[in-house]
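Asks: Structure for the following, please:
(2 chains)
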Number of protein chains: 2
Amino acid sequence: MNYKIILQYEGTRYDGWQRQKHTEQTIQGKLEQVLSRLAGETIEVNGAGRTDAGVHAFGQVANFHLDTELTDGELKKYLNRYLPEDVAVTGIERVPPRFHARLNACWKVYHYQIAFGEAKPVFERKLVYRVEEVLDFEKMEKAAKFLEGTHDFRAFCANKHMKKSTVRTVRRIGIQVHKKDGMASVTFTGDGFLYHMVRILMGTLLEVGMGKRRPEDMEALLESRDREQAGFTAPAQGLFLDYVSYDSRGCGTDCEYEEKEDD
Amino acid sequence: MNYKIILQYEGTRYDGWQRQKHTEQTIQGKLEQVLSRLAGETIEVNGAGRTDAGVHAFGQVANFHLDTELTDGELKKYLNRYLPEDVAVTGIERVPPRFHARLNACWKVYHYQIAFGEAKPVFERKLVYRVEEVLDFEKMEKAAKFLEGTHDFRAFCANKHMKKSTVRTVRRIGIQVHKKDGMASVTFTGDGFLYHMVRILMGTLLEVGMGKRRPEDMEALLESRDREQAGFTAPAQGLFLDYVSYDSRGCGTDCEYEEKEDD
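Replies: Alright, predicted model coming up:
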């Protein structure tokens, strides 16, 4: 049976999603450990987004093949009991055998939580990126408009030796500001993101907000296809993988089995 | 100059509000350290509620006397810069010399965050008390009604040798349930709370919710004035000091200088 699960995690304590040999602190590793113990054999888990060390997930999606007598509800309960307290399964369903959480993903939504100016969020401090500057959000909005759409995002890709296409479609960059609390949320919706692409987009937009770049510079920046021209890589803290869509609407059939290199 | 400040803190890492000899990990201690360094002399801070180890604050109030050339905004910024990241000053104002954050407090609001059933709140895990049982909130509401009002709350006081009056007025116990998320919030508004009173009220209400007590048992429990008859002391995790009111409306003038023993 092929299971699709929805996951939440606080990435602070983890070395990212992907299983690695030198560390036990990965989300994939923790999941595979619990599932393999249950199954009595090695179970492999596919995640929709290979989130970096420190990146959080509100709605990561994963799939795995497992034979079990447990009902879906029991399996969810089992996973939540044995997974660490900062990782939770919030949804579970059975899917067709060929479903693959990463290869079949059509759209992903990431968001950054930003605290600016004097804001000092005590309770969310590990879920927020604090910027001491006061940001010009109107300029950031303008810059975001230049970045939306289908472009070659090579300038926003941390992998310099990327051989495959660096063309991606960013459907929308939405900025929501709560001025009173000194908090902002920047949401990135796209068909896939290159390695560190969301973080470099965020860093570049922040530099616009701080007055270090102009919104209209974004066009030349995209054209440059040069990572050196783009802004800093915003830290993992404050970044969430929100949502992964497998809906066929708005998603060409060719996307279904196209391998993407995602962050 | 006498300053009144509003404070937020996550209590997880702290041994409570009150300065103690054997530990540096108290909120009062941290504040006094930063203020005394600024002033070049010992500054004493009065907190409205002496929150227990692990209890959080959303709107703790404190006051202190300080001579400084800093504006209120600068003083707030200074405190937030030098206080740990899990303690923040969210408001500051100058008050009359005789104002005392604890002695003048008229009403206080505490609230408990509860996760029940299968809920596993990942991001708020240190701010929530998890109960695995499914709770009967209607029964808890009924029990809460018996506890509202002016009563002798000796059965809900952890200090067995309390010599002063144990009569308090609980204005309201409000229960808000988000069934879908498996989360509930229980708010306690009162003119003052005895040592551990909120935590014992919460523990008792939870025992009602689990079916171990009946709502109508609350009357006899209050009359017993016996701590042994009341429920367990709910843990500090999940408890917040929300708000302290100094408004004269609804507050007899005699409350202004009446010393109360609060948790």
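
Asks: need the residues of chain A near chain B, please.
Replies: A:8-10, A:56, A:76-77, A:80, A:85-88, A:118, A:120-125, A:127 (Cβ under 8 Å from any Cβ of the partner chain). Quick note: C-beta positions are derived from backbone N, CA and C, even for glycine.

Asks: Any quick ChimeraX command for the buried ones out of these?
Replies: To isolate in ChimeraX the members of these that are buried, counting by 16 or more other Cβ atoms under 10 Å in any protein chain shown, one can use:
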select /A:8,9,10,56,76,77,80,86,87,88,118,120,121,122,123,125,127
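
Asks: Strands - which of the residues of chain A next to chain B land there?
Replies: Among those, the members found in strands (DSSP state E) are A:8-9, A:56, A:87-88.

Asks: So residue A:185 is in contact with residue A:115, correct?
Replies: No - with contact defined as Cβ atoms under 8 Å, residue A:185 does not reach residue A:115; the gap is 10.6 Å.

Asks: hmm, back to that, could the ones in strands among the residues of chain A next to chain B be laid out in a markdown table, adding pLDDT?
Replies: Shown next, in a markdown table, are these (pLDDT from 0 to 100):
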| residue | pLDDT |
| --- | --- |
| A:8 | 98 |
| A:9 | 98 |
| A:56 | 98 |
| A:87 | 98 |
| A:88 | 98 |
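
Asks: Can you give the domain ranges for chain A?
Replies: A:2-95, A:107-257 (automatic domain parsing).

Asks: any idea which of those domains scores lowest on pLDDT?
Replies: Mean pLDDT values for the domains of chain A show the minimum at domain A:107-257, a mean of 92.

Asks: Counting neighbours, what do you get for residue A:37?
Replies: Counted with other Cβ atoms under 10 Å in any protein chain shown, residues neighbouring residue A:37 total 10.

Asks: where along the stretch 151-263 of chain A do the helices fall?
Replies: Applying DSSP state H, counting those that start in this stretch to the stretch 151-263 of chain A gives helices spanning A:197-209, A:217-224.

Asks: which SS class is the residue of chain A positioned farthest from its centre?
Replies: Distance from the centre of chain A peaks at residue A:69, with 32.7 Å (Cα atoms, centre = their mean). Classification of residue A:69 using DSSP: H, G, I helix; E, B strand; the rest coil returns coil.

Asks: Ramachandran angles for it?
Replies: phi -90, psi -10 (degrees, to the nearest 10).

Asks: Chain B versus that one, what's the distance?
Replies: 20 Å (Cβ to the nearest Cβ, to the nearest Å).

Asks: What count of nearby residues applies to residue A:54?
Replies: Neighbours around residue A:54, by other Cβ under 10 Å: 18.

Asks: For residue A:232, see how far away it is.
Replies: Distance, residue A:54 to residue A:232, by Cβ to Cβ, to the nearest Å: 16 Å.

Asks: same thing with residue A:58?
Replies: Taking Cβ to Cβ, one finds residue A:58 at 24 Å from residue A:232.

Asks: between these two, who's got more neighbours?
Replies: Legend: neighbour count by other Cβ under 10 Å for residue A:58 and residue A:232, higher for residue A:58 (19 against 13).

Asks: Relative to the helix or strand hosting that one, what are the paired strands and their orientations?
Replies: Residue A:58 is part of strand A:56-65, with elements assigned from DSSP states H and E. Within its sheet, and counting by DSSP bridges, strand A:56-65 is paired with strand A:2-9 (antiparallel), strand A:45-47 (antiparallel), strand A:239-245 (parallel).

Asks: and the shortest one, how far out from the chain's middle?
Replies: Averaging C-alpha coordinates over strand A:45-47 and over its chain gives two centres that are 14 Å apart (Cα atoms, centre = their mean, to the nearest Å).

Asks: contacts for it?
Replies: Identification of contacts with strand A:45-47 by Cβ atoms under 8 Å, 6 or more residues apart in numbering or on different chains yields A:17-18, A:27-28, A:31-32, A:35, A:60-64, A:100-103.

Asks: Which of the ones in strands among the residues of chain A next to chain B sits closest to residue B:166?
Replies: residue A:88 (41.4 Å; Cβ to Cβ).

Asks: How about the contacts made by the spatially closest residue to the closest one that is not a sequence neighbour?
Replies: Leaving aside its sequence neighbours, residue A:88 sits nearest to residue B:120 (Cβ to Cβ, 6 or more residues apart in numbering or on different chains; 4.1 Å). Residue B:120 sits next to A:80, A:85, A:88, B:130 when contact means Cβ under 8 Å, 6+ apart.

Asks: Tell me which stretches of the stretch 101-250 of chain A form strands.
Replies: Here the stretch 101-250 of chain A has its strands, by DSSP state E, counting those that start in this stretch, at A:107-116, A:129-131, A:149-152, A:167-178, A:183-190, A:239-245.

Asks: In TSV, list these along with distance to residue A:140 and mean neighbour count.
Replies: Formatted as TSV, those follow (distance: least, Cβ to Cβ, whole Å; neighbours: other Cβ atoms under 10 Å in any protein chain shown):
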stretch	distance to residue A:140	mean neighbour count
strand A:107-116	10	22
strand A:129-131	12	19
strand A:149-152	17	14
strand A:167-178	6	16
strand A:183-190	8	21
strand A:239-245	16	23
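
Asks: just so I know, which of those strands lies nearest residue B:92?
Replies: strand A:107-116 (18.9 Å).

Asks: Strand A:167-178 and the closest one, what's the angle between them?
Replies: Put simply, strand A:107-116 runs at 40 degrees to strand A:167-178, going by axes from the mean of the first three to the mean of the last three Cα atoms, to 10 degrees.

Asks: Good, wrapping up.
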